[in-house]
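In: next comes the sequence, and after it the predicted model I'd like to discuss.
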Amino acid sequence: MVVKRVLGLLALSLLCACGQPKPVERADSVRVSTRAGGPLRFADHDPHDWSGRAPWRYGVHGIDVSRWQGGIDWTAAKASGISFVFIKATEGGDLVDPSFEDHRRGVRRAGVPYGAYHYFYFCRPAVEQARWFIKNVPRDRRALPHVLDMEWNPHSPTCRKRPEGREVRAEAKRFLDILERHYGRRPIVYTTVDFYRDTGIGALSGTEFWLRSVAGHPSETYPGADWTIWQYTGTGKVPGVPGPVDINAFRGSPEDWARWAN
């Protein structure tokens, strides 16, 4: 999700510098109608040539957002086929995304299922971070499982610590356990290819994963890994969302989604 910020800001700056011309899109980046349960396919500022099972072969798609997306027309996003949203809520033990409440109120009004995510800070204990999240994210019976976002942040101005895998997994478990007790459902873990490989985070038992893989199917980039949600682009184009946005696919069918979300 940190990577998406950089890509998103670069894409937006290029668009602004050129008077926001309509990007040239390849045929494989055109959104196809979802009518009658057909495939869902969104445009992309930087489309990838997918081989194997492409993202649009999955029937349920959603986005994740933070302050960087600005104001969003949630009704338009929902009408385009967006089925879920994960909203950045907190980071570390003292930061709240300034757009969290605006986004949360907007998705609730539009009737889009949502969950909140916490960006983990490796220079602060997991217990403090879990308490901070709970302080700022109210209980909501309609909410999806919340999310623990764990990834390396080599560009952080205050913390570039890279703990050993055993410590990472132990801290993740503490955070997940606290939130599960409070909200009644175990959070998902979002992560990236290098973090997954370096820390063995996939070994956490009883945990579902949301995996980032923008240049290959998760079966290729995370061999043998189990996953529930796949973040397949950080430069997507979704009606109602200004600028690039992360788009994600749910692994199961629409029927599976209905059971999982509820």
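Out: That came through, no problem. Residues are numbered from 1 along each chain as shown.
In: separation between the nearest residue to Tyr222 once chain neighbours are set aside and Ala77?
Out: Distances taken as CB to CB, 6 or more residues apart in numbering put Leu211 closest to Tyr222, at 5.6 Å, once the chain neighbours are dropped. Every C-beta, even on glycine, is put in place using the N, C-alpha and C of the backbone. Separation of Leu211 from Ala77 (CB to CB, to the nearest Å) stands at 23 Å.
In: likewise Ile178?
Out: As judged by CB to CB, Ile178 and Ala77 stand 31 Å apart.
In: helices and strands of this structure: which one bottoms out on pLDDT?
Out: helix 2-17 (a mean of 42; mean pLDDT, DSSP states H and E).
In: that older thread, make sure the residue nearest to Tyr222 is indeed in a helix.
Out: No. Leu211 is assigned strand when assessed by DSSP: H, G, I helix; E, B strand; the rest coil, not a helix.
In: just the pLDDT at it, thanks.
Out: If you check Leu211, the pLDDT there is 98.
In: distance of it relative to Val189?
Out: For Leu211, the distance to Val189 (CB to CB) stands at 9 Å.
In: settle it for me: which of Ile178 and Ala77 has more neighbours?
Out: Per other CB atoms under 10 Å, whichever of Ile178 and Ala77 has more neighbours is Ala77, with 23 against 18.
In: next helix or strand past the helix or strand where Ala116 lies?
Out: Assigning secondary structure by DSSP states H and E places Ala116 in strand 114-119. Next in sequence after strand 114-119, counting helices and strands by DSSP H and E, comes helix 126-136.
In: with just CA atoms, put that next one into CSV.
Out: The C-alpha trace of helix 126-136 is given here as CSV (Å, rounded to 0.1, in the frame of the first residue of the first chain):
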residue,chain,number,x,y,z
ALA,A,126,1.8,-4.4,18.8
VAL,A,127,-0.3,-4.0,21.9
GLU,A,128,-0.1,-0.2,21.7
GLN,A,129,-1.0,-0.3,18.0
ALA,A,130,-3.9,-2.6,18.6
ARG,A,131,-5.3,-0.3,21.3
TRP,A,132,-4.9,2.7,19.0
PHE,A,133,-6.8,1.0,16.3
ILE,A,134,-9.6,0.1,18.7
LYS,A,135,-9.7,3.6,20.0
ASN,A,136,-10.3,5.0,16.5
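In: could you confirm His103 falls within a strand?
Out: No. Secondary structure of His103 (three-state DSSP): helix, not part of a strand.
In: make residue 1 into 195 and carry on from there
Out: In the new numbering, first residue 195, that becomes His297.
In: measure the residue lying closest to it once chain neighbours are set aside to Glu295 for me?
Out: Nearest non-adjacent residue to His297, counting by CB to CB, 6+ apart: Ile281, 4.6 Å away. According to CB to CB, Ile281 and Glu295 sit 9 Å apart.
In: may I have the phi/psi pair for the closest residue to Phe294 other than its chain neighbours?
Out: With sequence-adjacent residues excluded and distances taken as CB to CB, 6+ apart, Phe294 is closest to Ala283, at 4.9 Å. The phi/psi pair for Ala283 (degrees, to the nearest 10) reads phi -110, psi -50.
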